[in-house]
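>>> let me see the structure of the following:
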Amino acid sequence: MRRITGCLPLAAALLVLAGCGDSDDGGASAAGTSSPTAEASEEPEPTDEPTEEPVADDEVSCSTDDAPQVTVADPGAEPRALMELSPTAGQTVGLDMTILTESTQTLGGVAQPPQQIPPMIFGLAVTIDEVTDEQISMSVVYDRAEFDSDDPQLQAAMGSMVGLTSTVTTDRSGVFIEGDIDTAGVSDPALAAAIGQMGAQLEQLAVPLPREPVGVGAVWDVATAVDSNGVVFCSTTTYRLTEFDGTAYTFETEVTQQALPTTLEQGTATIEVLEGTGAGSGTSSGNLSFPMAVTATSSGSNSILLLVEDGSNRGEIGTDVSLEMQLTTRE
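Numbers count the residues shown, from 1 in each chain. Just a heads-up that it's a prediction; the model follows:
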């Protein structure tokens with residue numbers, strides 16, 4: 001199954017990491033409570049395949065089996081050029097990613113105190129492994145993971161990320177083909193799942209480019225299906241090319257997401273996704289000689305409302321997450 005992870009899954013992964021020190025078993029649980037707990041609001045790892053509800057004609061529809069669809073709305077001004085990636089095997093670029101996250105939650109309609117997650121900083125060493133006429137394969141090594149917290153469990157969780165390797169393959173236009181992160185050395189299943197979600201976020205740095213010549217002012221849309229532990233979001237990202245000299249580029253982005261109705265089974269609990277939305281914007285810059293943006297800033301917000309049932313216990317959990325991300329190139 002094609003897995004593409006966007007803003008909401010990353011935010012959920014951060015919440016899982018931030019909550020590691022507060023849960024005895026490290027995982028989400030909806031069992032044994034008179035109303036759903038805060039831990040139950042973390043995105044579940046289903047034990048069974050999710051059941052997708054029928055989609056009405058006026059609702060969005062998408063599939064994780066489909067490749068990202070790139071549609072050019074405006075080719076931009078002359079001169080125009082084809083934005084085909086041309087990296088060199090063996091090339092390595094060091095990147096630092098800083099993430100700020102805040103969440104608020106409602107349990108049974110009652111607002112809970114906001115959760116401010118300390119800043120996280122990740123160091124990434126991106127190496128081009130192979131370049132063919134059709135594909136680009138790269139590996140990403142986490143060489144830095146810092147979390148401004150005195151909690152030893154959180155520090156240990158972040159430290160376990162250092163040395164992990166993620167792999168990403170795209171075509172020569174930057175369209176994602178496949179990706180994975182090796183979490184074999186992470187013993188905590190909940191932490192491994194969270195890190196896997198964050199590793200998949202690297203796919204978003206590989207920008208799907210138009211397959212036709214474009215110039216400054218060009219606008220294109222990329223439609224994808226975002227899969228987060230069985231919760232599927234239909235996502236549309238709009239790119240507007242603001243600078244382009246034939247190799248170097250800068251563009252602005254806007255993204256919207258909407259969840260498909262889904263029912264998940266986790267242990268003895270049934271979790272129904274009642275609604276979910278996301279939105280964000282940002283600016284990214286890069287060069288066609290490298291398949292990822294090398295500087296970027298973005299901000300976004302996501303909301304999800306779940307109905308959790310476990311025996312006689314039944315209640316709604318709402319979670320709102322906002323995050324800011326900054327990506328910089330190392331000197």
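
>>> quick one: low-confidence ranges for the stretch 51-200 of the chain?
Within the stretch 51-200 of the chain, the stretches with pLDDT under 70 are 51-61, 64, 194-200.

>>> shouldn't E316 be within a strand?
Yes. Per DSSP: H, G, I helix; E, B strand; the rest coil, E316 lies within a strand segment.

>>> for it, which non-adjacent residue is closest in space?
L307 (5.4 Å; C-beta to C-beta, 6 or more residues apart in numbering). Yep, even glycine has a C-beta here, placed from its N, CA and C like the rest.

>>> tell me if that neighbour really is in a strand.
Yes. According to three-state DSSP, L307 belongs to a strand.

>>> what residues does it make contact with?
I271, E272, L274, R314, G315, E316 (C-beta atoms under 8 Å, 6 or more residues apart in numbering).

>>> quick one: neighbours of the third one, just the number.
Going back to what we said before, that points to L274. 14 (other C-beta atoms under 10 Å).

>>> wait, is it part of a strand?
Yes. Applying three-state DSSP, one finds L274 inside a strand.

>>> surely it and L305 touch.
Yes. In this structure, L274 is within contact of L305 by C-beta atoms under 8 Å, at 4.4 Å.

>>> spit out the residues that contact these two alike.
Joint contacts of L274 and L305 (C-beta under 8 Å, 6+ apart) are E316.

>>> what number of residues lie near the residue nearest to S160 when sequence neighbours are not counted?
Spatial nearest neighbour of S160, excluding adjacent residues (C-beta to C-beta, 6+ apart): V186 at 5.5 Å. Residues lying near V186 (other C-beta under 10 Å) number 19.

>>> give me the element V186 is part of.
V186 is part of no helix or strand, with elements assigned from DSSP states H and E.

>>> what does S137 give?
Using DSSP H and E, S137 falls in strand 135-147.

>>> can you check L154 too?
helix 152-159.

>>> list the buried residues for that helix?
Buried positions in helix 152-159, judged by neighbour count with 16 or more other C-beta atoms under 10 Å: L154, A157, M158.

>>> and stretch 90-108, by the same measure?
Neighbour-count burial for stretch 90-108 flags V93, G94, L95, D96, M97, I99, L100, T101, S103, Q105, L107 (criterion: 16+ other C-beta under 10 Å).

>>> tell me which element the fourth one falls in.
Same thing as D96. strand 92-107.

>>> that strand - contacts with which helices or strands?
helix 7-18, strand 115-131, strand 313-329 (3 or more C-beta pairs under 8 Å, 6 or more residues apart in numbering; DSSP states H and E).

>>> returning to that earlier point: of the contacts of L307, just the buried ones, ChimeraX syntax please.
The ChimeraX selection below is limited to those of these classed as buried (16+ other C-beta under 10 Å):
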select :271,272,315,316
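
>>> quick revisit: can you report phi and psi for the residue nearest to S160?
phi -100, psi 120 (degrees, to the nearest 10).

>>> tell me which strands the helix or strand hosting F251 pairs with, and in which orientation.
In the assignment (DSSP H and E), F251 maps to strand 248-259. Strand 248-259 pairs in its sheet with strand 231-244 (antiparallel), strand 269-287 (antiparallel), by DSSP bridges.

>>> as JSON lines, those with mean pLDDT and distance to T262 would be great.
Shown next, in JSON lines, are the strands paired with strand 248-259 (pLDDT from 0 to 100; distance: least, C-beta to C-beta, whole Å):
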{"stretch": "strand 231-244", "mean pLDDT": "93", "distance to T262": "6"}
{"stretch": "strand 269-287", "mean pLDDT": "94", "distance to T262": "5"}
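
>>> most packed of the ones you listed?
Highest mean neighbour count of the strands paired with strand 248-259: strand 231-244, a mean of 21 (counted as mean count of other C-beta atoms under 10 Å).

>>> returning to that earlier point: name every strand pairing with the strand holding D96 and say which way it goes.
strand 110-111 (antiparallel), strand 115-131 (antiparallel), strand 313-329 (antiparallel).

>>> and the first one, how far from the chain's centre?
Centre-to-centre, strand 110-111 and its host chain are 27 Å apart (C-alpha atoms, centre = their mean, to the nearest Å).

>>> so T183, which of the three states?
coil.

>>> repeat that for D180.
strand.

>>> for the closest residue to it other than its chain neighbours, what is the enclosing helix or strand?
Spatially, and ignoring its direct neighbours in sequence, D180 is nearest to T167 (5.5 Å; C-beta to C-beta, 6+ apart). Element membership for T167, per DSSP H and E: strand 165-171.
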